[in-house]
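Chemist: Next come a sequence and a model predicted from it.
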Amino acid sequence: MDIRRESKNNPLIGVVIGSDSDLPIMAPGLEILEKWGIPFEVHILSAHRTPTAAADYAQTARDRGLKVIIAGAGMAAHLPGVLAAYTTLPVVGVPIASGELKGVDALYAIVQMPSGVPVASVGINAGKNAVILAIEILGLTGSVWQDKLEAYRKDQAEGISVKNARLQELGYHKYLDSAK
């Protein structure tokens, strides 16, 4: 597989998942990238089943214009670490809840990387947070991303204020009943 031929729209963020079953976890973050007009690409690669393709992806990422890689994987979650081994770009790992350990094994695999090969990690199934972190990293290079993040945070704060005002007005019993 030649990743260079498959990349489109000069993506800044690369999203790699180990299985198509991981895509629903990443979708809320991908929707933010689309909404904000941040070019990205998504690939299914496996640290174990397609190791050569995963290595090629990471080794060519910088030359293809990527600034950050997000890698989601479950079970032992080697994918983020394997990608980090082949690039000096920031890699954000998303541990995916799967298997008997429900993502705890994936979390440990991502956060316990050996010295010198860091992988940032977000919470289990936190694909949206991985995208926000990647945008924060992009924000170091351009104020347009910082402006979008500030507006996003402002919208979040306003949403909490509206919910709080409703809670104060209704009391917690009626608030809970209205949410059903």
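Modeler: Here it is on my side, so go on. Computed from a predicted structure; not experimentally measured.

Chemist: What segments of this structure are helices?
Modeler: Secondary structure of the chain by DSSP state H: the helices cover 3-6, 23-36, 51-61, 79-85, 104-111, 127-139, 143-179.

Chemist: Identify all contacting residues around the fifth one.
Modeler: Surrounding helix 104-111, the residues in contact under the criterion Cβ atoms under 8 Å, 6 or more residues apart in numbering are 73-78, 80-81, 93, 95-99, 119, 121, 123-124. No exception for glycine: its C-beta is placed from N, CA and C like everyone else's.

Chemist: before we move on, back to that, reformat the helices of the chain into CSV and put mean pLDDT and mean neighbour count next to each item.
Modeler: Shown next, in CSV, are the helices of the chain (pLDDT from 0 to 100; neighbours: other Cβ atoms under 10 Å):
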stretch, mean pLDDT, mean neighbour count
helix 3-6, 50, 12
helix 23-36, 97, 16
helix 51-61, 98, 19
helix 79-85, 97, 25
helix 104-111, 94, 20
helix 127-139, 97, 21
helix 143-179, 93, 11
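
Chemist: so can I have JSON lines of those showing distance to residue 43?
Modeler: Formatted as JSON lines, these follow (distance: least, Cβ to Cβ, whole Å):
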{"stretch": "helix 3-6", "distance to residue 43": "7"}
{"stretch": "helix 23-36", "distance to residue 43": "11"}
{"stretch": "helix 51-61", "distance to residue 43": "6"}
{"stretch": "helix 79-85", "distance to residue 43": "11"}
{"stretch": "helix 104-111", "distance to residue 43": "18"}
{"stretch": "helix 127-139", "distance to residue 43": "15"}
{"stretch": "helix 143-179", "distance to residue 43": "22"}
